[in-house]
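Enquirer: Just to be clear, the model below is a prediction. Sequence and coordinates:
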Amino acid sequence: MSEPEAGTTLALLPIDLLRWDRDGRGDLIVACIWSDVRPLRGAAGLLDWRLCGKLSALVQAGRLTGADDEQLLLPTGGRLPWRMAMVLGLGPSHGFTIARFRAAIERLRTAARGLGLHDVAIAPPGRDTGALPARRAAELILAEARAKAHAGWLRGLTVIDTLAAHKELVDLLPPPVPTERRPPPPPARSAK
């Protein structure tokens, strides 16, 4: 697997707010949470921080539990370069399977498509606990993007993961577009 679906751009972002502010783009940022891991960590923890503790407040109030099949969509209010944020519940952290991963991506796809959101940044499910290797997680998301039954739902995919994981994913990026080199301008002539 070396290229995303035709028309889909692929980018990588670290779990770093400064880089999110500088390089983030798109419609939707997605973070996943477990029902048995507190405090929120990884991308979910940074998302919570940037949203002034809104996710933590919802967790404390029992309105966000991380249960499998749970999803929450909220506006970012200009606090992030994405218009919307989605939190996907993954259930308990133990026993995480490829089937649960695929179910989370399917929930994302259904919601994004229904809302007309096509440029998505996601911290892949299971990556914050190492339940799934970075390469396998990215390949599963790209396979979903390329599935003929769901073609066209994703224009841009940004994978949010650690810098170490990016080393495993860099060959999935499209080759850089060569820039045209122009010869230097001729020296200025002096007026005589």
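Expert: Good, I have the coordinates.
Enquirer: Going by C-alpha atoms from here, please, whenever you check contacts or count neighbours.
Expert: Fine.
Enquirer: OK, contacts around the residue positioned nearest the centre of the chain?
Expert: By Cα atoms, centre = their mean, the chain has its centre lying nearest to residue 122, at 1.6 Å. With contact taken as Cα atoms under 8 Å, 6 or more residues apart in numbering, residue 122 is in contact with 29, 30, 31, 157, 158, 159, 160.
Enquirer: Narrow the residues you listed to those that are buried.
Expert: 29, 30, 31, 157, 158, 159, 160 (16 or more other Cα atoms under 10 Å).
Enquirer: which pair in the residues you listed spans the largest distance?
Expert: Across the buried ones among the contacts of residue 122, the longest distance by Cα to Cα is 13.6 Å; it joins 31 and 157.
Enquirer: so where is the protein shaky, pLDDT-wise?
Expert: 1-7, 177, 179, 188-192 (pLDDT under 70).
Enquirer: what are the ranges of the helices in it?
Expert: Listed in chain order, the helices of the chain (DSSP state H) span 17-23, 42-50, 54-60, 98-115, 134-146, 163-169.
Enquirer: Tell me which of those lies nearest to residue 70.
Expert: helix 98-115 (9.2 Å).
Enquirer: how far out from the middle of the chain is that closest one?
Expert: 13 Å (Cα atoms, centre = their mean, to the nearest Å).
Enquirer: Tell me which residues are up against it.
Expert: Helix 98-115 is contacted from outside by 69, 88, 89, 90, 118, 125, 126, 140, 141, 144, 153, using Cα under 8 Å, 6+ apart.
Enquirer: Got a PyMOL select line for the buried ones in these?
Expert: Typed into PyMOL, the line below selects the buried ones among the contacts of helix 98-115, using 16+ other Cα under 10 Å:
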select buried, resi 88+89+90+118+125+126+140+141+144+153
